[in-house]
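K.L.:
3D model of this:
(2 chains)
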Amino acid sequence: MSGHIVEAVNLNKFFKRGKGMLHAVENVSFTIDAGKTLGVVGESGCGKSTLGRTVIRLTEPTAGEIKFKGESITGLSKRELKARRNGMQMIFQDPFSSLNPRMSVISLIMDPMRVNHLYHSKEERYAKARELMDTVGLARRVEDSYPHELDGGRRQRIGVARALALEPEFIVCDEPVSALDVSIQAQILNLLMDLQDERGLTYMFITHDMSVVKHISDEIMVMYMGQCVERAPVDDMFENPSHPYTKALLSAIPVPSIEWKGREPQILRGEVSSPVDPKKACRFAPRCELCMERCQSEEPAEYEITPGHMVKCHLFDK
Amino acid sequence: MAEILLDIKDLVVEYKSELETVHAVNGINLRLNKRETLGIVGETGAGKTTTALSILRLLPDRVGHIAGGSVEFEGRDLLTLPESEMRAIRGEKISMIFQDPMTALDPIMTVGDQIKEALELHNHDNKSAEQIDRRVDEVLEMVGIPAYRRTEYPHQFSGGMKQRVVIAIALSCEPDLLIADEPTTALDVTIQAQVLSLMRRLKNDLDTSMLLITHDLGIVAQTCDTVAVMYAGYIIESGTIDDIFTGERHHPYTVGLFGSIPNLTVRAERLTPIDGLMPDPTKLPAGCPFAPRCPECRAECERGMPPVSEMSETHRICCWKYSSAEQKGDDGK
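P.N.:
A predicted model of the protein is given here:
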């Protein structure tokens, strides 16, 4: 079955700050097809985690609509939402702080099933949890261990097992491999991709690492200061990056190959400005080399340069 | 012939507690020539930071101790120097940039005063207060921070700016050797690019040599002249960056590291990670420390630590696969 499983329309999330409103997510729209992965990249503070949480209503959106399997979940009451939530789960960034240190591995995995009254008996939940441990590659001998006894990779496997416990169709993965060493990171990425193949899962994969996002995604969205500045299918994004920010982001990655040695990356001036009450203009203008006059006074629209490739930049206004 | 600045021989470092001994560094040899950059790569717990701290003798008191070897810097063994002479070397001859700029700075001291502190401590030619003040401004401008911001506190700076301040402090006395321990790990990529480019430029301008510790092979490729790959307290492969990044013959762990990085240029269907985990440094295996995870493990690997095989004048691999008996009949690269 194909078709959109998740759809976000003009999603906004503002936080109240003493000085004004912090625009964490602003007018972001996207769709994700069943069984596909949308990668969301950006630097710290660009709103990618807030977007991930808002999509499954862990934080309430300020405005906009989210549809899950064609049904709007923005207007649902808490109870109605809870029933739908089983279908949407989240894997968190930090396997060190997202697990209750006083629960053993097996009870951590059984917990989501208990809370949601899945299965009739504890025995069934226990059997299911052990099955999940096999699925995510956790040895059964660690079932009575506590999180602090395990390394980061194993802890993240617990996080994956917990997310899978409710048999979701859609999982938001918020930087699931950022805290891990490369050799362990590769193990977890492979696990996530295998699970997707076996179970037809749909992912929203949030990361700051361009090479990881390229590896796992079908479509990529680049965020800058709460807005989506470019969105494209993965190959398009890497062959033809169009927004000046995307280009700079790609050029800033140190490539592990010596053919590139001595190449000075295109270095961005300055830093991200304040997202509190930003003025109506291109957010990237102060750091952009190609900044024009209208960039400082007028917010760019989204232009579709090739099918499915959207860029939010005045340069493409033809 | 390049001049040797730093020569580490058979360094062994242990952390001892009542219950156990952590074998953090197990007899490593490293050599850094003047004006060059040596990269140490490896994963968490490989012993990279411990090596750096041992050079400066900054290991945690009582727990960490150097069990053997020597660290020769400009011909003198730093491990036998009295503490008073060591203090003169730290910050002046050898300085260090730490990983986390958020915690490396004193939150209740202005940025200018923190730079000044380093200059005053190493003020041998009796510079006047005005001269030192002028030098603070100079150093700040050098790392791209306007001098008027010297009266501000660390919390008023962003992460990238804080790391620039740390670099400014480290370079204020124009050291001969700069040790940078994961200097950009806590920063975003565009800011990382700014900081790395700044470090490369200053290193050239000031004729400084650098020991760069990182887990990112990309940074190594773009920044270093020579590389040492560490695993479980051993250097398992070392050489020039050409030796490590090209050629067919590598340590299986190095191959595994490269296989684990998602490639930006070629899209692979699956990554080829290294199975298993790094061994517990309190109970290292008897043989090669990588043997339990190695896809090419054979009988002799579990018996003893492999000898170092010289593949070329610069390229060394510590693996039974390349030990002398087998090298015959194996033609070059």
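K.L.:
Could I get the contacting residues of residue 203?
P.N.:
If you meant another chain, say so; for now it's chain A. A:36-38, A:170-173, A:192, A:196, A:216 (Cβ atoms under 8 Å, 6 or more residues apart in numbering or on different chains). Heads up, the C-betas are built off the backbone N, CA and C, glycines and all.
K.L.:
that answer is for a different chain, and I need it for chain B
P.N.:
Per Cβ under 8 Å, 6+ apart, neighbours of B:Lys203: B:37, B:178, B:209-210.
K.L.:
Could I get the pLDDT score of it?
P.N.:
Reported pLDDT at B:Lys203 in the predicted model: 88.
K.L.:
try B:Thr184
P.N.:
88.
K.L.:
beta partners for the residue positioned nearest the centre of chain B?
P.N.:
Residue closest to the average C-alpha location in chain B (Cα atoms, centre = their mean): B:Ile213, at 2.8 Å. Beta-bridge partners recorded for B:Ile213 (DSSP bridges): B:Ile40, B:Asp181.
K.L.:
what's the helix or strand for the residue in the stretch 101-250 of chain B that chain A sits nearest to?
P.N.:
Closest contact between the stretch 101-250 of chain B and chain A, by Cβ to the nearest Cβ, is at B:Gly218 (3.2 Å). Per DSSP states H and E: B:Gly218 is located in helix B:217-223.
K.L.:
pLDDT below threshold where in chain B?
P.N.:
Chain B contains residues with pLDDT under 70 at B:1, B:266-268, B:324-333.
K.L.:
Show me the helices in it, by range?
P.N.:
B:48-55, B:83-89, B:101-104, B:111-121, B:129-142, B:159-171, B:189-206, B:217-223, B:241-245, B:252-260, B:299-303, B:324-327 (DSSP state H).
K.L.:
In chain A, mark out all the strands, start to finish.
P.N.:
Here chain A has its strands, by DSSP state E, at A:4-17, A:20-33, A:37-41, A:63-68, A:71-72, A:88-91, A:170-174, A:202-207, A:219-224, A:227-233, A:302-306, A:309-312.
K.L.:
Mind putting the ones you listed into JSON lines with mean pLDDT?
P.N.:
Compiled in JSON lines, the strands of chain A are given as follows (pLDDT from 0 to 100):
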{"stretch": "strand A:4-17", "mean pLDDT": "93"}
{"stretch": "strand A:20-33", "mean pLDDT": "93"}
{"stretch": "strand A:37-41", "mean pLDDT": "96"}
{"stretch": "strand A:63-68", "mean pLDDT": "94"}
{"stretch": "strand A:71-72", "mean pLDDT": "91"}
{"stretch": "strand A:88-91", "mean pLDDT": "94"}
{"stretch": "strand A:170-174", "mean pLDDT": "95"}
{"stretch": "strand A:202-207", "mean pLDDT": "95"}
{"stretch": "strand A:219-224", "mean pLDDT": "96"}
{"stretch": "strand A:227-233", "mean pLDDT": "96"}
{"stretch": "strand A:302-306", "mean pLDDT": "94"}
{"stretch": "strand A:309-312", "mean pLDDT": "96"}
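K.L.:
Leaving out chain neighbours, which residue sits closest to whichever residue of the stretch 51-200 of chain A sits closest to chain B?
P.N.:
Of all residues in the stretch 51-200 of chain A, A:Ala186 sits closest to chain B, at 3.3 Å by Cβ to the nearest Cβ. For A:Ala186, ignoring the flanking residues on the chain, the nearest one in space by Cβ to Cβ, 6 or more residues apart in numbering or on different chains is B:Pro273 at 3.3 Å.
K.L.:
how near is that neighbour to A:Gln185?
P.N.:
8 Å (Cβ to Cβ, to the nearest Å).
K.L.:
and if you look at A:Tyr119?
P.N.:
Distance from A:Tyr119 to A:Gln185, by Cβ to Cβ: 33 Å.
K.L.:
More neighbours: which of those two?
P.N.:
A:Gln185 (25 against 15; other Cβ atoms under 10 Å in any protein chain shown).
K.L.:
Setting aside sequence neighbours, what's the nearest residue to the more buried one?
P.N.:
Nearest non-adjacent residue to A:Gln185 (Cβ to Cβ, 6+ apart): A:Val177, at 4.2 Å.
K.L.:
before we move on, back to that, quick one: the contacts of A:Tyr203 as TSV, columns for distance to A:Ala252 and neighbour count too.
P.N.:
Below are the contacts of A:Tyr203 laid out as TSV (distance: Cβ to Cβ, whole Å; neighbours: other Cβ atoms under 10 Å in any protein chain shown):
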residue	distance to A:Ala252	neighbour count
A:Lys36	27	20
A:Thr37	23	24
A:Leu38	22	23
A:Phe170	31	20
A:Ile171	29	24
A:Val172	26	28
A:Cys173	23	26
A:Leu192	25	22
A:Gln196	29	17
A:Ile216	20	24
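K.L.:
Need the max-distance pair from these.
P.N.:
A:Phe170 and A:Ile216 (15.1 Å; Cβ to Cβ).
K.L.:
want to try CSV for the strands of chain A, with distance to B:Ile169 as columns?
P.N.:
What follows is those, written out as CSV (distance: least, Cβ to Cβ, whole Å):
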stretch, distance to B:Ile169
strand A:4-17, 32
strand A:20-33, 33
strand A:37-41, 33
strand A:63-68, 46
strand A:71-72, 55
strand A:88-91, 39
strand A:170-174, 35
strand A:202-207, 32
strand A:219-224, 32
strand A:227-233, 36
strand A:302-306, 45
strand A:309-312, 40
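K.L.:
Looking at those strands, spot the one closest to B:Thr80.
P.N.:
Closest among the strands of chain A, using Cβ to Cβ: strand A:202-207, at 47.6 Å.
K.L.:
residues of that closest one that come out buried?
P.N.:
A:202-207 (16 or more other Cβ atoms under 10 Å in any protein chain shown).
K.L.:
Pick out the most distant pair among the residues you listed.
P.N.:
A:Thr202 and A:Thr207 (16.5 Å).
K.L.:
Unless I'm misreading it, B:Val139 sits right up against B:Ile115, doesn't it?
P.N.:
Yes - applying Cβ atoms under 8 Å as the test, B:Val139 and B:Ile115 come out as touching, 5.7 Å apart.
K.L.:
By proximity to chain A, which residue of the stretch 1-150 of chain B wins?
P.N.:
For the stretch 1-150 of chain B, Cβ to the nearest Cβ, closest residue to chain A: B:Glu43, 4.0 Å.
K.L.:
which ones are touching that residue?
P.N.:
Here B:Glu43 is in contact with A:181-183, B:215, B:231, B:278 (Cβ under 8 Å, 6+ apart).
K.L.:
try A:Met113
P.N.:
Counted by Cβ under 8 Å, 6+ apart, A:Met113 has contacts A:119, A:125, A:128-129, A:165-166.
K.L.:
Highest neighbour count among those?
P.N.:
Most surrounded of the contacts of A:Met113: other Cβ under 10 Å gives A:Ala165, at 24 neighbours.
K.L.:
Give me the neighbour count for the nearest residue to that residue once chain neighbours are set aside.
P.N.:
In space, and not counting its chain neighbours, A:Ala165 is closest to A:Pro112: 4.5 Å by Cβ to Cβ, 6+ apart. A total of 19 residues lie near A:Pro112 under the criterion other Cβ under 10 Å.
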